[in-house]
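> coords please:
(chains A, B, C and D)
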Number of protein chains: 4
Amino acid sequence: MVVVMAPEATQEEIDAVVALVRSAGGDAFVSRGVSRTIVGLVGDVDDFEALNLGSRGGVLQVMRVSAPYKLVSRQHHPARSVIRVGGVPIGPDTLSVIAGPCAVETPEQTLEAVRMAKRAGACLLRGGAFKPRTSPYSYQGLGERGLRILAEVRQETGLPVVTEVIDPGSVDMVASYADMLQIGARNMQNFALLQAVGRAGRPVLLKRGFSATIEEWLSAAEYIAQRGNLDIVLCERGIRTFETATRNTLDISAVPVVQRLSHLPVIVDPSHSGGRRDLVVPLTRAAIAAGADGVIIDIHPEPKTALCDGDQALVESDVREIADAVTILSPLMGRTLTMPVRAGALPARAA
Amino acid sequence: MVVVMAPEATQEEIDAVVALVRSAGGDAFVSRGVSRTIVGLVGDVDDFEALNLGSRGGVLQVMRVSAPYKLVSRQHHPARSVIRVGGVPIGPDTLSVIAGPCAVETPEQTLEAVRMAKRAGACLLRGGAFKPRTSPYSYQGLGERGLRILAEVRQETGLPVVTEVIDPGSVDMVASYADMLQIGARNMQNFALLQAVGRAGRPVLLKRGFSATIEEWLSAAEYIAQRGNLDIVLCERGIRTFETATRNTLDISAVPVVQRLSHLPVIVDPSHSGGRRDLVVPLTRAAIAAGADGVIIDIHPEPKTALCDGDQALVESDVREIADAVTILSPLMGRTLTMPVRAGALPARAA
Amino acid sequence: MVVVMAPEATQEEIDAVVALVRSAGGDAFVSRGVSRTIVGLVGDVDDFEALNLGSRGGVLQVMRVSAPYKLVSRQHHPARSVIRVGGVPIGPDTLSVIAGPCAVETPEQTLEAVRMAKRAGACLLRGGAFKPRTSPYSYQGLGERGLRILAEVRQETGLPVVTEVIDPGSVDMVASYADMLQIGARNMQNFALLQAVGRAGRPVLLKRGFSATIEEWLSAAEYIAQRGNLDIVLCERGIRTFETATRNTLDISAVPVVQRLSHLPVIVDPSHSGGRRDLVVPLTRAAIAAGADGVIIDIHPEPKTALCDGDQALVESDVREIADAVTILSPLMGRTLTMPVRAGALPARAA
Amino acid sequence: MVVVMAPEATQEEIDAVVALVRSAGGDAFVSRGVSRTIVGLVGDVDDFEALNLGSRGGVLQVMRVSAPYKLVSRQHHPARSVIRVGGVPIGPDTLSVIAGPCAVETPEQTLEAVRMAKRAGACLLRGGAFKPRTSPYSYQGLGERGLRILAEVRQETGLPVVTEVIDPGSVDMVASYADMLQIGARNMQNFALLQAVGRAGRPVLLKRGFSATIEEWLSAAEYIAQRGNLDIVLCERGIRTFETATRNTLDISAVPVVQRLSHLPVIVDPSHSGGRRDLVVPLTRAAIAAGADGVIIDIHPEPKTALCDGDQALVESDVREIADAVTILSPLMGRTLTMPVRAGALPARAA
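The predicted structure follows:
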């Protein structure tokens, strides 16, 4: 159940709703958006009915939730949303390219990869400092040291930083460096982490679990939204199937299906879905043609020495093809390619 | 093992190779292409080694087969092939739209659907007279009566006919009406049927089984090729996954992957993969952008009354969008949209 | 729609129903069972309603089919069926072991494998003469020569023969040698083949397609039943999943699920599902404990030289374990282990 | 890379190894087992080679890790392990039944469910206080209040408590109530959580992710082991496939496959894999017959009112069947059914 407060509702009125819900044995989470405040209720709906919340002071609307997700649904929010990341828009009128190294290894490797990213048309910089890896013996990332490198490269290049967070306990620390927090595929149903980023005050990039249905994916987004954060971008990155020619199977249909169900932007990761460098360009083209709001791409200056996922990293000779594809296809899809903000134009942040 | 005969090899030399193989307990299938004749061997390779086939008269090359497919592989045939269907080319330089009703129901419905198909940009006409259905209580098609309707509509519209064959025993009959024989997804590993169409003297549209790996799909094509028919077009039509929002999951990556492995053209079926009308246009765009050599689309003048798969049939209001997509995207992909042959320009065939 | 005729219905009354249905543009298939005759209708149900079939002479009941299968359903046939193969029962009170070589290679190999099969507790003999293989370059079986070997081994050992048929055109020939016709997983939706074995007068072993849902599997059985043959045994043999440690994933739950939906017996193939010799014994035990009506097992006297699926064939040292498992577990599950018929007790059949 | 210390190694020697590794830019985790101490290394193997660790004081063996898991592998630890949970053994010689309510709702419901569990043969009590649910609007569990109920029921019944933990931040709190920490399927690759339970000093029940390969599952166990906790029991609970008749597909083959690869015990969850009450008994039987070291079963006194997964909870009439199955099948598999410890025999723990 979701209680939408009126724009003019006071803090006392909000607190009163929360107190009522808790007195009935439930829990309530307050989500303050720019134009309205939402109170998400968890517990037994029948108990809440008796509270007669719709007639309380400051309450605009009470929505019973029948679908597993509500706030991220397009049903009550028909217009598709625009999410801003360090000032850069992601949404229905633009095409946004996010690119950079899969894992941050050194300042030089990161800076060089991001320079290539810009040549490919990127307006946002990606790079992993915390890497969730199948084996504990694989490279796990540089941790906070990697975040500092990302912050420096952000200053140098002007691209806001998208980076992964893997532990509820480190969300605030990562958020102090990052412009956007990424939830990886393996953590899509790590609900404690979803709730933590829901409170972190940063936009979130939510990757689809490699075996998650679209309904589960949107329900995961709802966990974030319910904690007050509707600045969510969804990312299709391939699902697990029986086919072994590709690492995962890019579910290209998910793009139009999700855009019909949810107002949130949807981007595609052509690098991790195929797991093969030679598929990145065709899958990027397919993603844009299917209507994706953006793409996120792995770039590495020397893929052969990459500590993580080198097989799929683009090299310089591919960068031009990506740049051509996004430049030519964007206007055909009624979109403007989002250009990178000028270096130095961003305010400094903790390093 | 495959024996490639020299262009100047005589029939006697070919017969001698076949006789040798059979004397060693194996079997041999002769495939006469435009420029060369191929003898495909089935049996124990070690037995064949002793025959010293490479030194026989008229033999150009003997290839040991390590991969499960050879004739359809790009390894020994690097140039991508162009297949002609009733004079219409399908291949790397063109974009071919095949469209029409999922099932032939009446002459009027079929003709009207094909007229819509032409407005959508189609150069080939599809329509099912034999429908393999999960339940024996579902509509099974009109059979030969449906084929006669297709032949009439072909005369009326000038579009060559692509239609499905489901039984080795009826291949010759269907081939007497059709310009291209379709093997449906459920029959992709019906090897008796593959061998029968391999001998039928008509190009074949081989749909991917909904749970077939790419290797199994190409191996199925090899069964056709081994019987002497290399005029094969592959069709990706969605694979079976856990996702239920779409009927199947379009494996868009299969397009570039197959084009790298095989010289055969690859087209995409955006109608059956998604099973939803609202996905046909975005998936068509994605297919072309990923590099597909064509698309095959369901069209029905009144989807609500369709006896088969009405949920995915396009209506008039969608036709313009398809026409726009194929017209605009073709040149960007370096392709010419194949235009329909003028009505009446085709020679008559049995009706 | 299905018309159940009264036990006393005359041939004229049956013919009249068929003629009526055809006059309305549909088709009708007559299925004569021991106690009743069934007429299966194919076509538009609304057209058939107007025929008022329920009031025609000799008609006992008219059933509208809402599920995709009816004759194989337990809804109208609550008692679980017993199917007899060469006099050997398969059903709810017995446990039947079918064993033998995956592929017939030589008379000696086949006879030795079947002798091992008897020591393992087998009452029926399996062996493939026609092998559907992914690659056309793999061993395809001995064909009719293999069937003759099977018939000889049947005479020698007294075990009725279960063997695969892959082409509608060879069903009669194979049926002249075999006691039970097997439809392999790849052909589960080869409807022309299903219809052909439905008319062949032999019990059928219908393997589940490796990507078929249970509903599709039962619908495939319905195709056979609709042609008049209700002597069908279902065989779970593993489904295709993302897991690669086993060749397929044995869907053990399918056993109780199918037994609840259908009256037909269900057996399990522990050899092909795992594809590993070391899994055959534990999966055999699991199958029996889950309630399977039997198992079908690959045995080869020398797996290392097997031309087909040698990795999963049991050797002598495994045979004792199978014999122990089936002997000990059968009574616990309320079943009698079906013992082999004495050699020579079977009437001779075409060789 | 893993360094195995000699039994007589001193703390100083261990510290020296750790310091060396950190000086080379890596990280090291010390795992003290009963008979030996293991130091797990994370970082660049080539850097570690130069340290010449094999010649350092107190070092018994240095193992390069080529597989993604090592400590849980049977390769260097051939004997299958016995894990003790509150004194109750789980391992190769016993059969252990864990049962109780999916979710703790009230003290009465929990106590009654656990009394049923004992009648079914349970020696350990399960119950969820923190429930990870797909939708944020579903029942999320009682939290710490639920843990207090479990602790009370443990005192009352004598059964040690198995309960789930979902957040690294609450591991210590949950461990203060629980005898065994459960990691749910959705968290199988929540590496921060795995590392946290690796340090918590309680045995861990690690459920397989519903789309995890066996290799990924064992690699997840390795994350726990690497933090010093080898008291891990693996639980197969069904994988995600295309089949919809069951909630998931129980991968029964995983039991023998994992027992061959790892020394850790493996149990089966027949309740969550099928998601249907009518499948619990046959799947329990199949699990034991396949060689599982135990089963974990949902029981609820009134499934109709259950707040979570009521469709699969056993009722009293099923309890006798489970008791019979485990009593009869255990000795056949060479196992002793683990009996519940007498109530009151357990030392009290924090409530």
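> quick check: phi and psi on the residue nearest the centre of chain A?
Compute the mean C-alpha point of chain A, and by CA atoms, centre = their mean the closest residue is A:Leu205, 0.9 Å away. Main-chain dihedrals, A:Leu205, degrees, to the nearest 10: phi -100, psi 110.
> quick one: contacts for it?
Applying CB atoms under 8 Å, 6 or more residues apart in numbering or on different chains to A:Leu205 gives the contacts A:Val162, A:Met180, A:Leu181, A:Gln182, A:Ile183, A:Ile232, A:Val233, A:Cys235, A:Ile267, A:Ile296. Bear in mind the C-beta positions are built from the backbone N, C-alpha and C, glycine included.
> how about the first one, secondary structure?
If I follow you right, that is A:Val162. Of the three states, A:Val162 takes strand according to DSSP: H, G, I helix; E, B strand; the rest coil.
> quick one: it and chain B, what's the gap?
Counting by CB to the nearest CB, to the nearest Å, the separation of A:Val162 from chain B is 24 Å.
> quick one: residues contacting that residue.
Counting by CB under 8 Å, 6+ apart, A:Val162 makes contact with A:Val85, A:Ile98, A:Leu124, A:Leu125, A:Arg126, A:Gly127, A:Ala178, A:Asp179, A:Met180, A:Gln182, A:Leu205, A:Ile296.
> in strands, which of these appear?
Among the contacts of A:Val162, the members found in strands (DSSP state E) are A:Val85, A:Ile98, A:Leu124, A:Leu125, A:Arg126, A:Met180, A:Gln182, A:Leu205, A:Ile296.
> hang on, the earlier thing: want to try CSV for the contacts of A:Val162, with pLDDT as columns?
Listed next are the contacts of A:Val162 as CSV, based on pLDDT from 0 to 100:
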residue, pLDDT
A:Val85, 97
A:Ile98, 98
A:Leu124, 98
A:Leu125, 97
A:Arg126, 97
A:Gly127, 96
A:Ala178, 97
A:Asp179, 98
A:Met180, 98
A:Gln182, 98
A:Leu205, 98
A:Ile296, 98
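> excluding its backbone neighbours, what's nearest the closest residue to chain D within the stretch 201-350 of chain A?
Residue nearest to chain D within the stretch 201-350 of chain A (CB to the nearest CB): A:Ser211, separated by 3.1 Å. Using CB to CB, 6 or more residues apart in numbering or on different chains and skipping the chain neighbours, the partner closest in space to A:Ser211 is D:Ser211 (3.1 Å).
> with A:Leu60 instead?
The shortest distance from A:Leu60 to any non-neighbouring residue, by CB to CB, 6+ apart, is to A:Ala6 (4.3 Å).
> one more: A:Thr213?
In space, A:Thr213 is closest to B:Glu243, 5.7 Å off (CB to CB, 6+ apart).
> correct me, but that neighbour touches A:Arg240?
No - if you go by CB atoms under 8 Å, B:Glu243 and A:Arg240 don't touch, sitting 10.6 Å apart.
> downstream of the longest helix seen in chain A, the next helix or strand is which one?
Ranked by number of residues, the top helix in chain A under DSSP state H is helix A:316-332. Sequence order places strand A:336-337 as the next helix or strand after helix A:316-332, per DSSP states H and E.
> off-centre distance for that next one?
Mean-position distance between strand A:336-337 and its chain equals 19 Å (CA atoms, centre = their mean, to the nearest Å).
> now do it: everything it contacts.
Contacts for strand A:336-337 (CB under 8 Å, 6+ apart): A:Asp93, A:Thr94, A:Leu95, A:Val97, A:Gly121, A:Val326, A:Thr327, A:Ser330.
> can I get the residues you listed in JSON lines including distance to B:Val315 and neighbour count?
Output for the contacts of strand A:336-337, formatted as JSON lines (distance: CB to CB, whole Å; neighbours: other CB atoms under 10 Å in any protein chain shown):
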{"residue": "A:Asp93", "distance to B:Val315": "28", "neighbour count": "12"}
{"residue": "A:Thr94", "distance to B:Val315": "31", "neighbour count": "19"}
{"residue": "A:Leu95", "distance to B:Val315": "29", "neighbour count": "26"}
{"residue": "A:Val97", "distance to B:Val315": "35", "neighbour count": "26"}
{"residue": "A:Gly121", "distance to B:Val315": "37", "neighbour count": "24"}
{"residue": "A:Val326", "distance to B:Val315": "32", "neighbour count": "24"}
{"residue": "A:Thr327", "distance to B:Val315": "34", "neighbour count": "12"}
{"residue": "A:Ser330", "distance to B:Val315": "29", "neighbour count": "18"}
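> keep only these that also lie close to chain D.
For chain D, no contacts are drawn from the contacts of strand A:336-337 by CB under 8 Å from any CB of the partner chain.
> which one of those residues is nearest to B:Lys304?
Comparing the contacts of strand A:336-337 against B:Lys304 with CB to CB places A:Asp93 closest, at 34.8 Å.
> run through the stretch 151-300 of chain A and note the low-pLDDT ranges.
Nowhere does the stretch 151-300 of chain A drop to pLDDT under 70.
> if you set the cut-off to 90 instead, what comes out?
Residue ranges of the stretch 151-300 of chain A with pLDDT under 90: A:226-228, A:300.
> so what's whichever residue of the stretch 1-150 of chain A sits closest to chain C closest to, chain neighbours aside?
As assessed by CB to the nearest CB, chain C sits closest to A:Thr134 within the stretch 1-150 of chain A, at 13.9 Å. Once flanking residues are discounted, A:Thr134 sits nearest to D:Ser219: 5.0 Å by CB to CB, 6+ apart.
> now that neighbour: which helix or strand?
Per DSSP H and E: helix D:214-226 holds D:Ser219.
> can you show me the CA trace of that helix as PDB?
Extracted in PDB, the C-alpha atoms of helix D:214-226 (Å, rounded to 0.1, in the frame of the first residue of the first chain):
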ATOM      1  CA  ILE D 214      27.200 -26.100  -9.800                       C
ATOM      2  CA  GLU D 215      30.600 -24.400 -10.300                       C
ATOM      3  CA  GLU D 216      29.200 -21.100  -9.200                       C
ATOM      4  CA  TRP D 217      27.600 -22.700  -6.200                       C
ATOM      5  CA  LEU D 218      30.800 -24.300  -5.000                       C
ATOM      6  CA  SER D 219      32.700 -21.000  -5.700                       C
ATOM      7  CA  ALA D 220      30.200 -19.200  -3.400                       C
ATOM      8  CA  ALA D 221      30.900 -21.800  -0.700                       C
ATOM      9  CA  GLU D 222      34.600 -21.100  -1.300                       C
ATOM     10  CA  TYR D 223      34.000 -17.400  -0.300                       C
ATOM     11  CA  ILE D 224      32.700 -18.600   3.100                       C
ATOM     12  CA  ALA D 225      35.500 -21.200   3.500                       C
ATOM     13  CA  GLN D 226      38.200 -18.600   2.600                       C
END
